[in-house]
Structures are given as structure tokens and as C-alpha cells.
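no sequence for this one, just the structure:
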């Protein structure tokens, strides 16, 4: 059963080396993400599943210890998706992703950085890359399966809201974006799973809201768990909606 969830944005700019001189602009978001992951650890889960949006090559399951790199963003920063148990170290070094080559989507790479920063050791970690086109019903079904994986399951759910909040945003300005993001922030802050299930996939796609599918997986996992939510951060730096929330 799901006992806790943390919702975090997934821009590589969360990694200070990637953001470079702009790093202080996301300090509040980083602090909120740390607080949300602290809620996960406090729940004493048996399993942590990290979910994030992914392109075709990064979709599907990813094992604990899978490696990723931010070298594509011009910085020499490598991360792993959770710590590698000593007995699995040799296997992890020879697996895909060694030496910085990885099938991890960037969303899970950012999650790996957040977990390393938090010195995560509370539970085994698994990753799941979710395709943006995945329909709501399928997302909810996948989430229900994850929630049944262990007696105490925690989720770290990565995903951004719209990318259309300003003229300089990646998706330019769309007048619908602010209202969409406000509803997302409300639903995540209140752990309103019915509202998350009802998110319009077509509108989310038009607004470049990459978090839609992961949030609906969360909604499926949370069915019957009676968790309470808290909104820890909500802003739109660079014209992209970022939300941090904790459920427990």
C-alpha cells in the first residue's frame, strides 16, 4: 500500500552545476524537494519507486544503481538511481549505464541527484520511465499495481507542469497554462486523486506538461490509501510550472 509520496519537478537545472550562474534561482525548489524526500524517509517504506516522464528509449523499469550523466548538459556530473548494494557493485559497473552511459531518462537522472543529495538509504529503489502518450486509464492501472508491490510503498514522482506560462517559455505563452497549473497545484497539494485522474491528456500535451502521466500513476497508486497532501512549492521560473508536494 502507498504510505507516502513526494512530487518534484524534473528540470536538469535543479542540478546546480547545470544551472551554473542561475543556480540560486532554484534554491527554494531544491529545499522543498529535500523536505518532500524527508517525508518519504520518515514513512519507513519497504520500497521506493521513482516515476518520471520518458522518451521512447527511457521508458519502462530501471534498476537500483542505474547510472546517468549530465555531461550532455556540459558538466561532469554522474549520478545513480539510489545506492548500489556492495554485493551488486560489480554487476552495476558492467551494466548499461556504466561510465555515464545510461538509458535513464533525464527525469530519473534528476531524481537520482535528489536522492544522492538526501543520502537516501531508507529503502530499495526502483525506477519507471513513463511515456507522455500513456492514456489516463493505463496510468491509473500501472499505479494500482505499484501500490500493491509491498506493504509500505513510497513514490517519488517527477514531472513539470506547463511550459507555456510566459512569452519566453519553451512553449511560448498560452493563456490556458496558468489555470491548468493552478488546478495541478491544488490537486497535488490536497492529494485530490480524482482531480488528478481527470486531468486532460490532450490539454497537458498542448501545454507541454510532462508530469501529467506520472501524476496519474500516482493517483492510481494512492487509491484507498487516504493520504493527506501538502503543497511545499509552486512557481514558474523560466515560464515552466514547477510544483513540489508531499503526501503522507
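Sure thing, it's come through. Since the model is a prediction, treat every value here as computed from it, not as a measurement.

which residues touch the host helix or strand of residue 5?
If you go by DSSP states H and E, residue 5 is part of strand 2-8. When contacts are defined by C-beta atoms under 8 Å, 6 or more residues apart in numbering, strand 2-8 is touched by residues 33, 36-37, 39-40, 42-45, 110-111, 114, 146-147, 152-159, 188, 211, 215, 218, 221-222, 225, 227, 243-248. All C-beta atoms are positioned from the backbone trio N, CA, C, and that covers glycine.

strands - which of these land there?
Among those, the subset assigned to strands under DSSP state E consists of 153, 154, 155, 156, 157, 158, 243, 244, 245, 246, 247.

longest helix in this protein, please.
For the chain, the helix that runs over the most residues, judged by DSSP state H, is helix 27-42.

so which elements touch that one?
strand 2-8, helix 106-117, strand 153-158, strand 229-235, strand 242-247 (3 or more C-beta pairs under 8 Å, 6 or more residues apart in numbering; DSSP states H and E).

would you reformat those as CSV and include mean neighbour count, mean pLDDT and distance to residue 52?
Output for the helices and strands packed on helix 27-42, formatted as CSV (neighbours: other C-beta atoms under 10 Å; pLDDT from 0 to 100; distance: least, C-beta to C-beta, whole Å):
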stretch, mean neighbour count, mean pLDDT, distance to residue 52
strand 2-8, 28, 98, 9
helix 106-117, 25, 97, 3
strand 153-158, 28, 98, 4
strand 229-235, 19, 98, 18
strand 242-247, 27, 98, 14
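
residue 79: which of those is closest?
Closest to residue 79 of these is helix 106-117 (C-beta to C-beta; 4.0 Å).

which other residues reach that closest one?
Against helix 106-117 from outside (C-beta under 8 Å, 6+ apart): 8, 10-12, 14-15, 30, 33-34, 37, 50, 52-54, 58, 62, 66, 68-70, 77, 79-82, 102, 104, 125, 127, 129, 156, 158-159, 210, 214.

one more pass at 7 Å, please.
8, 10, 12, 14-15, 33-34, 37, 50, 52-54, 62, 68, 70, 79-82, 125, 127, 129, 156, 158-159 (C-beta atoms under 7 Å, 6 or more residues apart in numbering).

could you give the angle of it to strand 153-158?
120 degrees (axes from the mean of the first three to the mean of the last three C-alpha atoms, to 10 degrees).

pairing partners for whatever helix or strand comes next after helix 106-117, with directions?
Proceeding N to C from helix 106-117, the next assigned helix or strand is strand 125-131, under DSSP H and E. In the sheet, strand 125-131 lines up against strand 47-54 (parallel), strand 60-62 (antiparallel) (DSSP bridges).

quick one: mean pLDDT for the first one?
What it means is strand 47-54. If you average the pLDDT over strand 47-54, you get 98.

how far is it from where the chain is centred?
6 Å (C-alpha atoms, centre = their mean, to the nearest Å).

ok, residues contacting that strand?
10, 40, 81, 105, 107-108, 111, 123-132, 146, 149-150, 153-159, 210-211, 213-214, 217.

what of the shortest one?
Counting by C-beta under 7 Å, 6+ apart, the neighbours of strand 60-62 from elsewhere in the structure are 81, 104, 108, 126, 127, 128, 129.

how deep is the residue nearest to the fourth one when sequence neighbours are not counted tucked in, by neighbour count?
For residue 126, the nearest residue in space outside its immediate sequence neighbours is residue 49; the separation is 5.2 Å by C-beta to C-beta, 6 or more residues apart in numbering. Here the neighbour count serves as a burial measure; for residue 49 (other C-beta atoms under 10 Å) it reads 26.

go on, residue 83?
Around residue 83 there are 16 residues (other C-beta under 10 Å).

contact partners for it?
Neighbouring residues of residue 83 by C-beta under 7 Å, 6+ apart: 120, 121.
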